[in-house]
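# Can you look at this prediction? I've put the sequence above it.
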Amino acid sequence: MHIIVCAKQIRHTYARTGTSPDTHYIEDWDGVYRVNPHDEAALELALRLKDKHEGVTVSLLTMGPMIAENELRRCLATGADNLYQIDGNDEHNPDLEPFDQPDPWEKSDRLARAAKSLEADLVLCGKESLDKGNGQVGALLANRLARPFVSAITDLNLAESDGQVRVQRSAGRGVREIIACQMPAVFSVDLGVDLRLPSLKRRQWAEEYPPRPVERDGESAPPRLVCKHRFQPRPRPKLIPAPDSRQHAYDRIMQLLTGSTVEKKGEMLTGTPESQVEGILAFLKTNGFLESDRSDE
Amino acid sequence: MKALLTSFDLLVIALAFLIMGLGLARRWALWRENKPAGIAGNWQGLMASVLAHRGILDRPAVGLGHLGAFWGVVIPLLVIIVAQFGFIIPQAPARLLSLIQDLAGAALLIGTVYLLVRRLGREETEGPARTLLPIILLLVIVISGYLAAGARMSILETGGFPWSSPFGWLFSLIAPASPVFMQMMIRLHFLAVLLLIAAIPYTFMRHAVASPLNVFYRKQGPRAALTQPALERGAVGARTVKDLSWKQMLDAEACVACGRCDENCPATISGKPLSPRKVIRTIREQLETVQTQGKPSGNGAALPLLENDVTADEMWACTSCMACVEHCPVAIEPLDKIIDMRRYQVMGKAHLPSEARPMLRDLEIYGDVQGKGAAYRADWAMHRDIPELGRSANPEAADVDVLLYVGCSGAFHPRNQETSRAMAKILKAAGIRFAILGSEECCCGDPARRLGDEALFRRLARQNIIKFEQHQVKKIVTLCPHCLNTLKNEYPELGCQLEVVHATEMVTELIRDKRITLKYPVADKITLHDACYLGRYNQVYQPPRDICRAVPGAALEETERNQEKGFCCGGGGGRMWLHENIGENINVVRAQEIAATEADLIGTACPYCLVMLDDGVKSLEMEKTPKVADVIDIVADALG
């Protein structure tokens, strides 16, 4: 049985510590390159099946340039047999220029052609990716291959009795379903199992392994979804070390006197509501938040 | 004891030495396979250890017993060898020599009887049976010798009390005045001596050869250094005894199972299955198996696996506190063998306790133990005007005297972040030009290394070394003793020689040079917990104490176990990330001991100790829980 595990290499941006709006406040060190964790869970399920049954081959399938090469090779080292790569020559940075990523329609087309040419019995992919979070590729892939599809599975077994697979999926609120599915099939995998540790020997083998290219036959499907704008979240307000209110008064004062540079400027407005409103307006005007007294005129 | 030996005697002597030599040679063949060429010996340590019994005398009663037995064998042996040459000695020195020999015999007798009685009283199954034979042989030797001497004196009827051999005279009271009896005793004496010599390689008396050798070849360089497996050549730690180095095998041979390691091991004391003595004994037994299997072959398929006899619970219970290494009188190091076994588990078999896996994964992806990521690494320093080598484009900021290597705990753990800020404050107060690496810093690699992932350790270390070189760092001060040990003692293996000091060392210097003054009292009674990686590993015992004494109005109260005998907090060796399911919690054991000092402030110099002890004292639910603080925090508080 040939199992294909789709592994997406992503740049996972976990922080925004930059200062420039041009890069959306993202600096080099704000992200790590890794394999999508859902895909790692899918690989682990495939490897467990391989442990239990004879004659199971597990192949990794990735698309695009090797941006997370170390992590992908680590995945290979955990027990996969092959590593196939589609379109290895495209140069783009999937995080800073997200428009360069093909849309799910196009992606699923390329993956489906590769899965066909590799004669996969089972295709596993992650439920979604950490960088885009579309969650569509699995379903579209199943559609293109005309195979049954189960989403967000957490366990995978091969039933000896009927040769079908039994997958477990969580239906929410703690409800679990065991689903019998005919082969060949496509599943998307939810987080749950952790990818095993590779041994050093396998790692060294994986370091040397040349990824096997999958040739593109003909033009792929043109994109049908186009992302027009992508809004990066504003950088989170920076953590200002202020006196910890849980602390003792003495400690708080000491913390203010030593080291901490927090300065809360301002004055408390008192008096009638009208005078307070005037005070706020005066503050806004002097600080340039309101342009002029036009509202008064 | 006649100067003339018959040819038959010579034959027997030769036979005895041949048997001994063969036994030793077979052992040697086993060790030699892994022995590197050109290894330095250590005469000084050997002399101190063998002649003066340094280390063995740490336990006075047994130590003295052994000292008596040792000199009781060596002196008569020398005298007899000298006597074979038939020198003509004037009366007075001959008398003195006789007296010395007599006293030496008495020392041997007393020592052996004491050791024998000790063994008979023990309930333990480990020692007695194994060690009884050589001890009884020794007893036969000394008693037959005395009886022979006593018989001779009875025959000669010297009369009166002979000052040259008081103990021989005592025996002459019971020995019959018959030459046949004397001859029999001399033969028995002779036979027993030869038996003992022949038995050296085959009984526990082999320690007479192996232990001095082990002390002689004591590991040079950093204390309790781990081995460096050749990962490129596929070495992944210790699967069988054949994967151990020759020194590690010698270690196992040198062990007499005295149990001092067990008495000081925090894991053993707190009821974990680990016993450093058993680890060494297991290795020795497996070596024996390998030897009896005949010529050791290269395949190693039939060899017993170390993991069969040293279970996972045992090897993962080690806190790598080095107490076993410190207290071994003959320089045996169970520690590096345990780590080698862990390496095989992790790198060879890809087995790791599941609770530690996320930590190693975080190290792999994010480069820190908490998985927060390099971008947040300098958050503790935010708005505090602390120069960063990594990000500042300002060349002036890069020209600093010392790099503050914060480490993962100091950068991310809320408790330890306070310590980092305190250190920054002290350095600023002293006017030292320092900087941090900021987001370019990554974990020093210690947790990965102690958990057996040597490959990951090297990767992280190389990342750091590249940064050090890039910024032309000359001197590093670390907040964490684990970082200190790694940077100072383990990075040189990877080609990074830098001056590395611990924060306490630096602060002590600042106080001594009057660059900072401690003005304010912080506590009435301070006690100190010695961090293993600062104390035993790097011999920094005094600086934290000097600092505590410099705090105005504070009295320093020592805990029962301190300095070399210091007890681990339970957080080292990767234990910080492993569950403690068996036995008592080590940190609670230590906290109880510290609480007994009734100090109101517990000082330590290690972020792990800080967290572990804080948990420990809180779980005691005392009426007034003592505060746990880093020594650096104490200094910053006292600065005002």
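Perfect, thanks for sending it.

# Contact residues of chain B facing chain A?
Chain B comes close to chain A at residues B:231, B:234, B:236, B:346-352, B:357-358, B:360-361, B:364-366, B:373-376, B:379, B:382-385, B:421, B:424-425, B:439-440, B:455, B:636-637, B:639-640, as judged by Cβ under 8 Å from any Cβ of the partner chain. In this view, the C-beta of every residue, glycine as well, is placed from N, C-alpha and C.

# Helices - which of the residues you listed land there?
B:357-358, B:360-361, B:364-366, B:421, B:424-425, B:455, B:636-637, B:639 (DSSP state H).

# Now, of these, which are buried?
B:357, B:360-361, B:364-366, B:421, B:424-425, B:455, B:636-637, B:639 (16 or more other Cβ atoms under 10 Å in any protein chain shown).

# For those residues, name the two members farthest from one another.
For these, the maximum inter-member distance is 43.0 Å, found between B:Ala455 and B:Leu639 (Cβ to Cβ).

# And for B:Thr203, nearest residue in space, chain neighbours not counted?
Nearest in space to B:Thr203, with sequence neighbours left out and distances taken as Cβ to Cβ, 6 or more residues apart in numbering or on different chains, is B:Pro134 at 5.2 Å.

# do B:Thr311 as well
B:Pro273 (6.8 Å).

# Also A:Ala112?
Using Cβ to Cβ, 6+ apart, the closest residue to A:Ala112 is A:Arg144 (3.8 Å).

# what comes into contact with the helix or strand containing the one you found?
Assigned by DSSP states H and E, A:Arg144 falls within helix A:137-145. For helix A:137-145, the external contacting residues (Cβ atoms under 8 Å, 6 or more residues apart in numbering or on different chains) are A:6, A:104-105, A:107-109, A:111-112, A:115-116, A:123, A:125-127, A:148-149, A:151, A:184-188.

# and what of stretch B:71-84?
B:1, B:3, B:5, B:97, B:100-101, B:104-109, B:111-112, B:138, B:142, B:145.

# A:Ser275 and B:Met506: what is the separation?
57 Å (Cβ to Cβ, to the nearest Å).

# can you pull the contacts of B:Leu15?
Counting by Cβ under 8 Å, 6+ apart, B:Leu15 makes contact with B:194, B:198.

# Just the element for it, please.
Element membership for B:Leu15 (DSSP H and E) is helix B:7-32.

# could you give me the average pLDDT of that helix?
What helix B:7-32 shows for mean pLDDT is 76.

# How much space separates the residue nearest to B:Thr203 from B:Gly574?
Distance, B:Pro134 to B:Gly574, by Cβ to Cβ: 40 Å.

# For these two, indicate the residue with more neighbours.
The neighbour comparison of B:Pro134 against B:Gly574 (other Cβ atoms under 10 Å in any protein chain shown) goes to B:Gly574, with 27 against 20.

# ok, that one touching B:Pro447?
Yes - between B:Gly574 and B:Pro447 there is a contact at 5.5 Å, judged by Cβ atoms under 8 Å.

# Just the contacts of helix A:137-145: which are in strands?
Those of the contacts of helix A:137-145 mapping onto strands are A:6, A:123, A:125-126, A:149, A:151, A:185-188, per DSSP state E.

# would you list those in a markdown table and tack on pLDDT?
A markdown table is the format used below for those (pLDDT from 0 to 100):
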| residue | pLDDT |
| --- | --- |
| A:Cys6 | 94 |
| A:Val123 | 94 |
| A:Cys125 | 93 |
| A:Gly126 | 93 |
| A:Phe149 | 95 |
| A:Ser151 | 92 |
| A:Ala185 | 93 |
| A:Val186 | 95 |
| A:Phe187 | 95 |
| A:Ser188 | 95 |
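
# Low-confidence regions, the stretch 1-150 of chain A specifically.
Residue ranges of the stretch 1-150 of chain A with pLDDT under 70: A:88-100.

# all strands for the stretch 401-550 of chain B, in order.
B:402-405, B:434-436, B:475-478, B:499-502, B:525-528 (DSSP state E, counting those that start in this stretch).

# Closest to the centroid, which residue in chain A?
For chain A, the residue nearest the mean C-alpha position is A:Leu130 (0.9 Å; Cα atoms, centre = their mean).

# Tell me which residues touch it, please.
Taking Cβ under 8 Å, 6+ apart as the criterion, A:Leu130 is in contact with A:10, A:12, A:36-38.

# before we move on, the earlier item: mind listing what's buried in the helix holding A:Arg144?
A:137-142, A:144-145.

# of all those, which comes closest to chain B?
Nearest to chain B out of those is A:Val137 (Cβ to the nearest Cβ; 23.1 Å).

# in the helix or strand hosting the residue nearest to B:Thr203, what counts as buried?
B:Pro134 belongs to helix B:128-156 when assigned by DSSP H and E. Buried residues in helix B:128-156, counting neighbours by 16+ other Cβ under 10 Å, are found at B:128, B:131, B:133-135, B:137-155.

# cool, stretch B:340-360 as well?
In stretch B:340-360, counting by 16+ other Cβ under 10 Å, buried: B:340-348, B:350-353, B:356-357, B:359-360.

# ok, back up a step: so which of the strands of the stretch 401-550 of chain B is nearest B:His53?
Nearest of those to B:His53, taken as Cβ to Cβ: strand B:525-528 at 30.4 Å.

# residue contacts, B:Ile339?
B:226-227, B:237, B:318, B:320, B:449-450, B:452.

# Chain A: which of these is nearest?
Nearest to chain A among the contacts of B:Ile339: B:Gly237, at 9.2 Å, using Cβ to the nearest Cβ.

# you'd agree that closest one is up against B:Lys337?
No - using Cβ under 8 Å, B:Gly237 makes no contact with B:Lys337, being 9.8 Å away.

# In terms of neighbours, single out the busier of those two.
Taking other Cβ under 10 Å, B:Gly237 and B:Lys337 do not tie; B:Lys337 has more neighbours (30 against 25).

# Just give the nearest non-adjacent residue to the residue of the stretch 1-150 of chain A found nearest chain B, would you?
Here the stretch 1-150 of chain A gets closest to chain B at one residue, A:Ala15, 3.6 Å apart by Cβ to the nearest Cβ. Ranked by Cβ to Cβ, 6+ apart and with sequence neighbours excluded, the top spatial neighbour of A:Ala15 is B:Ala375, at 3.6 Å.
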